[in-house]
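**Student:** fold the following and give me the result.
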Amino acid sequence: APKRRAPWGGGARDDLTGPVYGYFDAWNRRAIDEALMCCSPDVRYEDTLFPGEFSGREALRAHLVKCEEALPAGLRFVIDEAAASGEMVGTRWHCELEDGTPLPMTRGASMYRVRDGVIVEGFDVPEPTLKSGELTLGFLS
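**Tutor:** The predicted structure follows:
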């Protein structure tokens with residue numbers, strides 16, 4: 001059996017990765033106010049599944065509430081890897097159910113800019129549901 005991990009993925013938390021792990025941990029508990037406290041009041045957040053950018057905590061709150069209402073209650077994001085340099089934190093993650101069952105087509109990568117102990121920018125790139133590689137290459141050629 002695979003070794004069980006903490007919902008936020010385990011691993012060391014340092015000053016730079018701490019707000020990112022905290023954000024994931026709060027989201028996994030659906031503690032949206034706590035997740036938002038990991039972000040600056042004027043956070044800029046882009047989830048590439050959606051058009052545009054969420055600017056400020058209230059816009060991000062609306063996005064998180066929409067996701068909370070649409071996703072299964074037991075779904076959680078697990079950080080598989082995190083790397084930090086300068087102000088940037090990169091993560092590779094996947095989604096799973098509370099019992100540890102990974103869900104198909106729910107991997108992704110995110111980049112965060114952290115300043116003064118809070119996330120000031122986030123950029124999520126979830127795995128696409130439809131794999132359009134060949135179509136995209138044909139379109140670009």
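**Student:** can you map out the helices along the chain?
**Tutor:** 18-28, 32-36, 57-70, 133-140 (DSSP state H).
**Student:** give me the residues contacting the last one.
**Tutor:** So the one you mean is helix 133-140. By Cβ atoms under 8 Å, 6 or more residues apart in numbering, no residue outside helix 133-140 reaches it. The way it works is simple: take the backbone N, C-alpha and C, and place the C-beta from them, glycine included.
**Student:** let's see 10 Å
**Tutor:** Residues outside helix 133-140 that contact it (Cβ atoms under 10 Å, 6 or more residues apart in numbering): 128, 132.
**Student:** buried set for that helix?
**Tutor:** Neighbour-count burial for helix 133-140, counted by 16 or more other Cβ atoms under 10 Å, picks out no residue.
**Student:** now do that helix: distance to the chain's middle.
**Tutor:** With Cα atoms, centre = their mean, to the nearest Å as the basis, helix 133-140 stands 27 Å off its chain's centre.
**Student:** for the shortest one, same thing?
**Tutor:** Using Cα atoms, centre = their mean, the distance from the centre of helix 32-36 to the centre of the chain it belongs to is 13 Å.
**Student:** rewinding a little: quick one: which of the helices of the chain is nearest residue 45?
**Tutor:** Residue 45 sits nearest to helix 57-70 of all these, at 5.1 Å, using Cβ to Cβ.
**Student:** and that closest one, what's buried?
**Tutor:** Buried residues in helix 57-70 (16+ other Cβ under 10 Å): 57, 60-61, 64, 67.
**Student:** tabulate the helices of the chain (CSV), appending distance to residue 97.
**Tutor:** As requested, the helices of the chain are exported to CSV (distance: least, Cβ to Cβ, whole Å):
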stretch, distance to residue 97
helix 18-28, 12
helix 32-36, 20
helix 57-70, 16
helix 133-140, 28
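**Student:** rebuild the ones you listed as JSON lines, extending it with distance to residue 127 and mean pLDDT.
**Tutor:** Converted to JSON lines, those look like this (distance: least, Cβ to Cβ, whole Å; pLDDT from 0 to 100):
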{"stretch": "helix 18-28", "distance to residue 127": "17", "mean pLDDT": "95"}
{"stretch": "helix 32-36", "distance to residue 127": "22", "mean pLDDT": "96"}
{"stretch": "helix 57-70", "distance to residue 127": "16", "mean pLDDT": "96"}
{"stretch": "helix 133-140", "distance to residue 127": "12", "mean pLDDT": "78"}
